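Visitor: Predicted model and sequence follow; I will ask about them next.
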Amino acid sequence: MAEKFSGEIINCDSLQVYRHFDIGTAKLPPVERRGIPHHLIDVVDPDEVFTAGEFARLARLALSDITARRRLPIVCGGTGFYLRALVDGLF
C-alpha cells in the first residue's frame with residue numbers, strides 16, 4: 001500500500017518504539033522495509049518512560065511532516081490504545 005500510494009509508515013505499536021526490542025515485537029527489519037520510511041520505530045531506549053501522550057505528540061509531528069511532503073501517512077500496528085490517543089486524545 002505504501003509503495004502504491006507514495007506512503008510512509010507511522011508505527012503505532014507500544015513496544016516497537018523501543019530500541020533493542022527486535023525479538024518478540026514483530027518489528028520489520030530495515031532490509032524488509034524496501035526503502036519505505038518508517039516512523040516511530042526505535043525512538044527510545046528501554047530504560048526510558050514513553051507514554052501514549054508522548055506517542056500522540058510525536059505521531060502528530062510525523063503526520064504533519066509526511067503530509068507536508070505530499071505523501072500518504074499510514075498508521076499501523078499495535079493494539080489500538082496508541083491510535084485512540086492519537087485520534088481522540090487523552091483525558
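Guide: Received it, and whenever you're ready, just let me know what you need.

Visitor: Can you report phi and psi for His38?
Guide: Per-residue torsions, His38: phi -120, psi 120 (degrees, to the nearest 10).

Visitor: Lowest mean pLDDT among the helices and strands of the chain, which one is it?
Guide: None of the helices or strands of the chain scores lower by mean pLDDT, DSSP states H and E than helix 81-88, at a mean of 95.

Visitor: Pretty sure Ile74 sits against Lys4.
Guide: No: Ile74 lies out of contact with Lys4 (CB atoms under 8 Å); the separation is 10.8 Å. Glycine gets a C-beta too; all of them are placed from N, C-alpha and C.

Visitor: what's the helix or strand hosting Val75 packed up against?
Guide: Following DSSP states H and E, one finds Val75 within strand 72-76. The contact analysis (3 or more CB pairs under 8 Å, 6 or more residues apart in numbering; DSSP states H and E) places strand 72-76 against strand 7-11, helix 52-68.

Visitor: Buried residues of that strand, list them for me.
Guide: Applying a neighbour-count criterion of 16 or more other CB atoms under 10 Å, one finds Pro73, Ile74, Val75 buried in strand 72-76.
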